[in-house]
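S.K.: here is my input, please return the structure:
(2 chains)
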Amino acid sequence: MTVALHIQGLRKSFGGVMAVDDVSTHVAPGECVALIGPNGAGKTTLINLISGLIKQDGGSIHLHDTAIHHLPAHRRIRHGLSRTFQITAPYHRLTVRMNMAITLAAQQTGATWRWSGSWPASIDAAADAWLTRLDLQSHADDLAGTLAYGDQKRLELGLALATEPTLLLLDEPMAGVSHEDRSSLMTQAKAVLEQDKPGAILFTEHDMATVFSHADRILVLDQGRLIAADTPEKIANNDQVQRIYLGQSGASHMVGAG
Amino acid sequence: MEFYLLQGLTGLASAASLFLMAAGLTIIFGVARVVNFAHGSFYMLGAYIGYSVSAWLMASPLGDTLGFWLALPITAILVGLMGAGFEMAVLRRLYHGPELLPLLSTFALVLVIQDVTRTAWGPEELLGPRAPGLDGSIRLLGGRIPEYDLFLMALAVAVLAGLWWLFHRTRFGILLRAATDDRQMLAALGVDQKRLFTLTFFLGASLAGLAGALQLPRSTANLEMDLALIAEVFVIVVIGGLGSIFGAFLAAILVGLIQAFGLLFFPTMTLVVIFLTMAVVLAVRPHGLLGRSLPMTAAANHILPPWQPHRHGRLLTGIALFLLAAPLYASPYLISVLAEFWVLALFASSLYLLMGTGSLVSFGHAALFGTGAYALAFINIWPVLGHHGWWLGIIAGVVGGAMMGAMIGGFAAKRQGVYLAMLTLAAAQILWSISVQWLAVTGGDNGILGLWLPDALRPAETVYTVITGICLIGLALVRRVDRSAFSLSVRAIADAPGRALVSGLHPWPKHVLLFALSGAIAGLAGALHALLKGSVFPNDLSIPLSVDALAMVLLGGMGHVMGPIVGAAVFFGIKVSFSAVDYWRFILGALLIITCVAAPGGITGWFQNLYALRAQRRASLSKSRPRNQSQTQKTPQTERHPYKNLKRAP
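M.R.: Coordinates of the predicted model:
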């Protein structure tokens, strides 16, 4: 069976702290998987390991049967990986359109090395199409750094999607987003992903409503260890998860949401 | 065997005063995150003030012994007060801006202190007093070692112990350590940072002042002290780990010993060995021997204005052509000044390419300039080439500069921020020491003379036209690069390195190319400068020239391709107009400090802000009129939720 992401025995320690401790799991194509756990459980570390921003101490990461754990971050993108950051980081000195254009250009060999002051016409057109899709066309000529936080998040999601990922990693996509805006991120992101080839999503999130309404499966991390990986219903009724992470009130919330 | 031990002791003695300086520098960096270029100037002030205070006290009823030993702490306190004063008057206003501003304001302070010292004490070297009570030497291991050297070593250990006590046993020291770890957290806990930073500068500057005063019995006080030592002290601080006092102590011993034994084994290579040591240490331990990765301030680039398409192309071409025709209307003197200006503008523009587009700060940009100059010289003095020597030399300068740029960049661009800057400085110092010490090839301090243009190009007007024409081609090239798609992606990398990486943009090869391009331009400037002057000297690779380049870029502004040209014009204008009165450095330094505080975007940045404000005012005026069509068509604010409106592609 070919899987979107396959992790085997992944380990990473900072000093004496095991941030990610022997984690093995997989994500199927088209699947939407949530990664939850208390603060400091190792969620962001795991995302950083998969995207290659930090180097693992041991273990392997495969993307569609290709080993990527030895590749630098920028090479992993070529294998269909993409991500957003917990704190948004668009290219703040450039306009929104240029943010999009550079990301698209980075997917083509040589486009970011050009002497010419303009992008190939195909890139300009594609950038505008993306801005329309993200509903950012009215901000196309604004500097990314001056956008409202919600718009920056949307731009960042667009930048991540523009690399045409088969696996999209979202690090707390809802953090800092107001409550009424949280409704339909996953369905929308999934809609974009499903266009060409089925894309999978792995996301970390603290907002349980988002997790339980969108995740096909939930992975629970605690102190670097993967303690459960199951469907939302089963996770909601898992005693261990309730005890170490959610507490009583969380569990009732889960049952209601699930 | 004894001989080596003695040599080692001599090395330790110089390590002692290096440590005093390095400790101050590393404390200032650790707490305030400021690379204090003026640290050497505090050291120099220490020597001069120590000279005057000790002379005064020794002549007073206190007598020689008491007078001398009392002069040391008094000098340290006086210099410390000056450091604190600078922090309160200038630096305090710059912490929230880009990292570069505090650094450049300390550059400016170097210039100011240079001229103040020259005015107050005169240009001659001053011979200080012998240390009363310690002016003899003792027999040791079959040789003689000055008592004063032993005293210095003991003092260094005492200062280390004192600093340890201060940092671990006093509330002030504990706060300093906390500030080194996390400034914002400390501020959030209600600690008054202003006072903490001022006291830090007092402490750091007084240590440098003490080191300067202590140097008096060993050598003279002179005006070259400030920059002569600063590079070595930087090396020590970097090897030890930025912010680590004990690391500085170990590194000072290491460097002191390398100096002492280097003189025995490879006397012409000591400087090179020291900088190579630093490069090796950084390659193995990226944060130095005992350093940790320190969080830098968040606001790295926010003052850099956004990228804008270039305008006024025709106007600029017109001005350039007008100046190109200067021989038709200007005096020969003015023409020669103008030619030098163009070369400087080209040099500054090459640094702008690194700093303005890539946010890569180079402390050693003279390395690329000098490489071009020496490359031209090596080709030009080859008689076989005849009258082709000049243009072949220029090509060699460009190619040499590009290759050197790629080499330095390939190495330095693996690191960021201060470490990158320090590695470029190290590279420049290695090249500089080669040019000074490898007499057979470079002629050492005598340089290479007799570079020439063929007779057909000899008349001053022709020289001007040729040099200016080539400079203009170079500047046009800089402008071309600045507005290329390549430069946009380099800016993107500087803006959000993490985002760029996960979008598939690999910074390193782009930065290496940027260094190579910058090196080609700087090399061209160096080669032209050498042709213009007819000679090359180690000065073409020295720190003061790197500082000049930084000053020009800062003065003009990093946010616009015209910045370095404007900066070079102001810089060179001041230098030429005031060189007769001999305190042009003071004026330039003062102007730089004012720029840092009042116009952090430089002169062009100031104008850009002005335009932006005016555009805003115009926009707000038009808004108050009845709504026009485009505004009513705009999506209402309430519908623009994040993610919500992601649409399927048609």
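S.K.: surely B:A549 and B:S349 touch.
M.R.: No. Using Cβ atoms under 8 Å, B:A549 makes no contact with B:S349, being 9.8 Å away. Quick note: C-beta positions are derived from backbone N, CA and C, even for glycine.
S.K.: low pLDDT regions in the chain?
M.R.: Just going to use chain A. Within chain A, the segments meeting pLDDT under 70 span A:1, A:176-198, A:244-258.
S.K.: wrong chain, I was asking about chain B
M.R.: With pLDDT under 70 as the threshold, chain B has low-confidence stretches at B:1, B:97-98, B:268, B:293-312, B:622-650.
S.K.: let me see the ranges of the strands in it.
M.R.: B:137-140, B:143-146, B:448-449, B:535-536 (DSSP state E).
S.K.: helices or strands next to the first one in the packing?
M.R.: Right, the one you point to is strand B:137-140. Contact partners of strand B:137-140 among helices and strands, from 3 or more Cβ pairs under 8 Å, 6 or more residues apart in numbering or on different chains; DSSP states H and E: strand B:143-146, helix B:147-169.
S.K.: now it, how far from the chain's geometric center?
M.R.: 42 Å (Cα atoms, centre = their mean, to the nearest Å).
S.K.: now do the last one
M.R.: Between the centre of strand B:535-536 and the centre of its host chain there is 23 Å, according to Cα atoms, centre = their mean.
S.K.: now swap in stretch B:144-156 and tell me
M.R.: That offset, for stretch B:144-156, works out to 33 Å (Cα atoms, centre = their mean).
S.K.: residues of whichever strand or helix holds A:E156 that come out buried?
M.R.: Of the helices and strands defined by DSSP states H and E, A:E156 is found in helix A:149-161. Using 16 or more other Cβ atoms under 10 Å in any protein chain shown as the test for burial, helix A:149-161 gives A:G150, A:D151, A:Q152, A:K153, A:R154, A:L155, A:E156, A:L157, A:G158, A:L159, A:A160, A:L161.
S.K.: among the residues you listed, which one lies nearest to B:Q184?
M.R.: A:Q152 (21.7 Å; Cβ to Cβ).
S.K.: spit out the contact partners of the closest one.
M.R.: A:T88, A:P90, A:A144 (Cβ atoms under 8 Å, 6 or more residues apart in numbering or on different chains).
S.K.: run a quick neighbour tally on residue 77.
M.R.: Picked chain A for this. The number of residues packed near A:I77 is 25, by other Cβ atoms under 10 Å in any protein chain shown.
S.K.: try again with chain B
M.R.: Counted with other Cβ under 10 Å, the neighbours of B:I77 add up to 15.
S.K.: okay, now the residue nearest to it when sequence neighbours are not counted: neighbour count?
M.R.: Distances taken as Cβ to Cβ, 6 or more residues apart in numbering or on different chains put B:S206 closest to B:I77, at 6.2 Å, once the chain neighbours are dropped. For B:S206, the neighbour count with other Cβ under 10 Å is 25.
S.K.: touching, B:S206 and B:L72? I think so.
M.R.: No. Counting by Cβ under 8 Å, B:S206 does not reach B:L72; the two are 10.7 Å apart.
S.K.: how about the helices in the stretch 301-450 of chain B?
M.R.: Per DSSP state H, counting those that start in this stretch, the stretch 301-450 of chain B carries helices over the ranges B:313-324, B:332-352, B:358, B:366-380, B:389-412, B:417-437, B:439-442.
S.K.: if we can go back for a sec, using PDB, write down the CA coordinates of the helix holding A:E156.
M.R.: Provided in PDB are the C-alpha atoms of helix A:149-161 (Å, rounded to 0.1, in the frame of the first residue of the first chain):
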ATOM      1  CA  TYR A 149      -3.600  38.800  10.800                       C
ATOM      2  CA  GLY A 150      -6.400  36.800   9.400                       C
ATOM      3  CA  ASP A 151      -5.500  37.800   5.800                       C
ATOM      4  CA  GLN A 152      -1.900  36.900   6.500                       C
ATOM      5  CA  LYS A 153      -3.000  33.400   7.600                       C
ATOM      6  CA  ARG A 154      -4.900  33.000   4.400                       C
ATOM      7  CA  LEU A 155      -2.000  34.200   2.400                       C
ATOM      8  CA  GLU A 156       0.300  31.800   4.200                       C
ATOM      9  CA  LEU A 157      -2.100  28.900   3.500                       C
ATOM     10  CA  GLY A 158      -2.100  30.000  -0.100                       C
ATOM     11  CA  LEU A 159       1.700  30.000  -0.200                       C
ATOM     12  CA  ALA A 160       1.700  26.500   1.200                       C
ATOM     13  CA  LEU A 161      -0.900  25.200  -1.200                       C
END
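S.K.: let me see the backbone angles for A:N39.
M.R.: Main-chain dihedrals, A:N39, degrees, to the nearest 10: phi -50, psi 140.
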